[in-house]
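J.: coordinates only, sequence not included:
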């Protein structure tokens, strides 16, 4: 699957990430699939998940350690936020609008920049 391959290449080119592993990868065809990737960004981990079924796409990027720290996703439960359904959960549990769009490759660049800033890397 081209998107998964492109995302893995982007992740491998990020020097902050290590131990990149596909932990879930199921596909019916090029439009119906789910994958989940874990990577270390010490002392934490980053998880990326995408569920796609035709035009329906649900994603999440999550920084975590022994608990969730930050998460970006597009679950449609904060419909009053600007750029809904895209939103961000901060380390205090607050919910904010997100600049993500659902384009996983572009969104990865935004997320990794925010994670690096948060972790002071």
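T.: Arrived safely. These numbers come from a predicted model, not from an experiment.

J.: when you work out contacts or count neighbours from here on, use the C-alpha atoms and nothing else.
T.: Noted.

J.: in the longest strand belonging to the chain, what's buried?
T.: Longest strand in the chain, counting residues (DSSP state E): strand 18-29. Across strand 18-29, burial judged by 16 or more other C-alpha atoms under 10 Å covers 20, 22.

J.: ok, now stretch 49-60?
T.: In stretch 49-60, counting by 16+ other C-alpha under 10 Å, buried: 49, 50, 51, 52, 57, 58, 59, 60.

J.: from those, which ones fall inside strands?
T.: 49, 50, 51, 52, 57, 58, 59, 60.

J.: show me the two of these that sit farthest apart.
T.: Pairwise distances across these peak at 12.0 Å for 52 and 60 (criterion: C-alpha to C-alpha).

J.: out of the buried residues of stretch 49-60, who's nearest residue 85?
T.: For the buried residues of stretch 49-60, the minimum distance to residue 85 (C-alpha to C-alpha) is 9.9 Å, reached by residue 58.

J.: pLDDT at the residue nearest to the closest one when sequence neighbours are not counted, what is it?
T.: Spatial nearest neighbour of residue 58, excluding adjacent residues (C-alpha to C-alpha, 6 or more residues apart in numbering): residue 51 at 5.1 Å. Listed pLDDT for residue 51 reads 95.

J.: ok, residue 51 touching residue 74?
T.: No - the pair residue 51 and residue 74 does not pass the contact test of C-alpha atoms under 8 Å, sitting 11.0 Å apart.

J.: where do the contact lists of the two overlap?
T.: Common contact partners of residue 51 and residue 74 (C-alpha atoms under 8 Å, 6 or more residues apart in numbering): 58, 59.

J.: list the contacts of residue 68.
T.: Residue 68 makes contacts with 62, 91, as judged by C-alpha under 8 Å, 6+ apart.

J.: tell me how far it lies from residue 102.
T.: Distance of residue 68 to residue 102, computed by C-alpha to C-alpha, to the nearest Å: 21 Å.

J.: same question, residue 112
T.: 15 Å.

J.: try residue 36
T.: Taking C-alpha to C-alpha, one finds residue 36 at 15 Å from residue 102.

J.: over to residue 8?
T.: Counting by C-alpha to C-alpha, the gap from residue 8 to residue 102 is 17 Å.
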